[in-house]
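[1] please work out how this folds:
(one chain, ligands or ions: 1)
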Amino acid sequence: MNHYVDFVNIEELLTDEEKMVLGTTNEFVMERVKPIIGDYYEKGEFPFQLVKEMASLGLFGATLNEYGGAGISNTAYGLMMQELERGDSGVRSFASVQSALVIYPIYTFGSEEQRQKYLPGLIQGEKIGCFGLTEADFGSNPGGMKTNAVKKGDRWILNGSKMWITNGTIADVAVVWAKTPDGIRGFLVEKGMKGFSAPEIKHKASLRASITSELVFEDVELPESQLMPNSQGLKCPLKCLTQARYGIGWGAIGAAMDCYLTALDYSKTRIQFDSPIAAFQLVQQKLADMLTEITKAQLLALQVGRLKDKGKAEYVHISMLKRNNVYMALNIAREARDILGANGISLEYPVIRHMCNLESVKTYEGTHDVHALILGEHITGIPAFRARND
Ligand SMILES: Cc1cc2nc3c(=O)[nH]c(=O)nc-3n(C[C@H](O)[C@H](O)[C@H](O)COP(=O)(O)OP(=O)(O)OC[C@H]3O[C@@H](n4cnc5c(N)ncnc54)[C@H](O)[C@@H]3O)c2cc1C
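    Numbering: from 1, shown residues only. Below is the predicted model:
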């Protein structure tokens, strides 16, 4: 394996299939993603040419056995996400959205007709999807959403807007959550439908190699066939987020490994005061902390993966995984940036790119603090999401 960190021989705990998936994705990322991704980040563009290649590696809908999915374990899928994010959080975000936020809800809440229509194309990378939950005024509290759909004759009329939607501008199909008289339901809105537009959000300093968009719905008319029949209530989009957060918890490890290994190499060759900076105790302490934190994060991810494979992973396990591992990766990126000195702010090295990306990863799919509240409620039995007015 190239550019890998495995201090306590975690590979020994993997199945042959998982080792194979890890090796293949690692090779793809080292050969096809890492050499080009810095340029795409600087240009603020997503590398589209990778989509078909990712699909041919079975990266989309990887845990599904049907509709062309590779049918691999959740742990193997996690390892895929880890390797993708070693390349870039934007590339991993693309795969997370396609699999966890588009293929998963269509498979779980869609009709058989909708599954047949959309899943094979999404899994083969011929179609791109996006997931619209967040609104400008409702991020951590999506249940307050204003986007709504009302029935008029045999059509649904969709109005409202979504904000910060990954892949929105390039998506062929958007999974959109809207309030209806019967509560929150999920709709499948196709590119080109009258009244639907998806302008790109510019000026991002983070996740620049990923497309982020607004979705705007102005009296979009949807036939009944575009409503996912088994979607009912906020718990449905939250279930999708649990899937995506699981992949993020693994992905962050890849970004952390790339930062750690870059800092380690740099520290051995950078000479100050006549010594490589790796010879200084303060630098060694940083490297020791990084390796320790990566190792702990790998073990957490592996055990949550094993639980998920047995159907025993709870949303709180996944909150802890996302919260801990993203925070770990962001701290390692910041320390690695420091070890690189002035070069730490240069896009000639991957560290500042990972660091800026991880600032978004910390915020999306439930912020770091919102996951503390989810865990806090689980630990104490007392929800603390709303401010007390008494
Ligand atoms: C690059 C990018 C891509 C994204 N992609 C998608 C996507 O594909 N689909 C999608 O639907 N959304 C997407 N999002 C949106 C993302 O999920 C939201 O940004 C996130 O949920 C946070 O919402 P917010 O930005 O409105 O922050 P806010 O909810 O306004 O939070 C601001 C601050 O307040 C804190 N806060 C909020 N509520 C509480 C509370 N009760 N107690 C304590 N602190 C609190 C938060 O922790 C945070 O620090 C994306 C975001 C980014 C940046």
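[2] use CA for all of it now, contacts and neighbours both
    OK.
[3] contacting residues for Thr242?
    Tyr315, Ile318, Ser319 (Cα atoms under 8 Å, 6 or more residues apart in numbering).
[4] want to throw those into JSON lines with pLDDT, secondary structure and distance to the ligand?
    JSON lines is the format used below for those (pLDDT from 0 to 100; DSSP: H, G, I helix; E, B strand; the rest coil; distance: Cα to the nearest ligand atom, whole Å):
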{"residue": "Tyr315", "pLDDT": "98", "secondary structure": "helix", "distance to the ligand": "16"}
{"residue": "Ile318", "pLDDT": "98", "secondary structure": "helix", "distance to the ligand": "16"}
{"residue": "Ser319", "pLDDT": "98", "secondary structure": "helix", "distance to the ligand": "13"}
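[5] give me phi/psi at Lys117?
    phi -70, psi -40 (degrees, to the nearest 10).
[6] measure it to Pro276 for me?
    Distance of Lys117 to Pro276, computed by Cα to Cα, to the nearest Å: 59 Å.
[7] now swap in Leu241 and tell me
    According to Cα to Cα, Leu241 and Pro276 sit 44 Å apart.
[8] those two - which one has more neighbours?
    Taking neighbours as other Cα atoms under 10 Å, Leu241 and Pro276 compare with Leu241 leading, 21 against 14.
[9] of the contacts of Thr242, which is the most crowded?
    For the contacts of Thr242, neighbours tallied by other Cα under 10 Å; top is Ile318, 27 neighbours.
[10] wouldn't that residue be in contact with Ile248 here?
    No: contact criterion Cα atoms under 8 Å: Ile318 and Ile248 do not qualify, at 9.5 Å.
[11] quick revisit: quick one: which of the contacts of Thr242 is nearest Ile201?
    Using Cα to Cα, Ser319 comes nearest to Ile201 of these, at 27.7 Å.
[12] secondary structure element for the residue nearest to that closest one when sequence neighbours are not counted?
    If the residues on either side of it in the chain are set aside, Ser319 comes closest to His371, at 5.5 Å by Cα to Cα, 6 or more residues apart in numbering. Per DSSP states H and E, His371 falls inside helix 368-380.
[13] now that helix: average pLDDT?
    For helix 368-380, the mean per-residue pLDDT is 98.
[14] ok so Leu215 is a strand residue?
    Yes: assessed by DSSP: H, G, I helix; E, B strand; the rest coil, Leu215 belongs to a strand.
[15] and Ile271, its phi and psi?
    Dihedral angles (degrees, to the nearest 10) for Ile271: phi -100, psi 130.
[16] can you name the residues that contact Thr367?
    In this structure, Thr367 makes contact with Ser140, Arg323, judged by Cα under 8 Å, 6+ apart.
[17] now do the strands in the stretch 1-150 of the chain.
    Taking DSSP state E, counting those that start in this stretch as the criterion, the stretch 1-150 of the chain carries its strands at 129-132, 148-152.
[18] compare those and give me the one nearest Asp6.
    Here strand 129-132 is closest among these (Cα to Cα), at 33.9 Å.
[19] does the ligand have contacts with that closest one?
    Yes: Strand 129-132 reaches the ligand (Cα under 6 Å from any ligand atom) through Phe131, Gly132.
[20] ok, residues contacting that strand?
    Residues outside strand 129-132 that contact it (Cα under 8 Å, 6+ apart): 97-98, 101-102, 122, 162-163, 165-168, 170-177, 215.
[21] list the strands paired with that strand, with their directions.
    Applying DSSP bridges, strand 129-132 is found paired with strand 173-180 (parallel).
[22] Tyr260 against Asn331, yeah?
    No: contact status for Tyr260 versus Asn331: not in contact, 10.7 Å apart, counting by Cα under 8 Å.
[23] ok, these two, which is more surrounded?
    Counted by other Cα under 10 Å, Tyr260 and Asn331 do not tie: Tyr260 has more neighbours, with 27 against 17.
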